[in-house]
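Trainee: A predicted structure for the sequence below; I have some questions about it.
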Amino acid sequence: MAEFGRRKWVIPGGRIPFHSTGREPDFTSRDELAVLNAGYSDTNLAITLFYPDREPVGPYELVVKARRTRRVRINDLIFPEAVPLDVDYAALIEADNPVVIQFTRVDTGHAETSWAGGIAFPSRG
């Protein structure tokens, strides 16, 4: 299989909704990454979060196994510190092998659940 994807990805518009309705964890409001590693080697990810009023935090380190996909809730990132709710952030995701990343937000704060998703911005760097 030909190599595809990128080693650097950017999500400029993160913000985990504070309110949730319904049972947990299915109806917890969240920001989420879906990562595809189609390569033949496990891939290490380092996620750095940027905020409007303080220094960046990270790296949050994750592994995506070879020829697998992995979903990661930004809400679940707790080391080096828990990601705050209802605060604007941007994410830089760096991988040691090419991956493809999709970003989604699920907002269950109202009776009408909303879902939005899109591909993260791939960087050539």
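Mentor: Thanks, I have the structure now.

Trainee: regarding stretch 73-83, how distant is the last residue from the first?
Mentor: 10 Å (Cα to Cα, to the nearest Å).

Trainee: what mean pLDDT does stretch 57-67 get?
Mentor: Across stretch 57-67, the average pLDDT comes to 97.

Trainee: tell me, how many residues neighbour the closest residue in space to residue 51 that isn't next to it in sequence?
Mentor: Once flanking residues are discounted, residue 51 sits nearest to residue 89: 5.6 Å by Cβ to Cβ, 6 or more residues apart in numbering. Just so you know, the C-beta spots here come from the backbone N, C-alpha and C atoms, and that holds for glycine as well. When neighbours are defined as other Cβ atoms under 10 Å, residue 89 has 20 of them.

Trainee: distance of residue 89 relative to residue 46?
Mentor: 16 Å (Cβ to Cβ, to the nearest Å).

Trainee: now swap in residue 71 and tell me
Mentor: Following Cβ to Cβ, the distance that separates residue 71 from residue 46 is 18 Å.

Trainee: those two: who's more crowded?
Mentor: residue 46 (14 against 10).

Trainee: which residues does the more buried one contact?
Mentor: Shown in contact with residue 46 (Cβ atoms under 8 Å, 6 or more residues apart in numbering): 58-61, 93-95.

Trainee: in JSON lines, list the residues you listed along with secondary structure.
Mentor: Shown next, in JSON lines, are the contacts of residue 46 (DSSP: H, G, I helix; E, B strand; the rest coil):
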{"residue": "58", "secondary structure": "strand"}
{"residue": "59", "secondary structure": "strand"}
{"residue": "60", "secondary structure": "strand"}
{"residue": "61", "secondary structure": "strand"}
{"residue": "93", "secondary structure": "strand"}
{"residue": "94", "secondary structure": "strand"}
{"residue": "95", "secondary structure": "strand"}
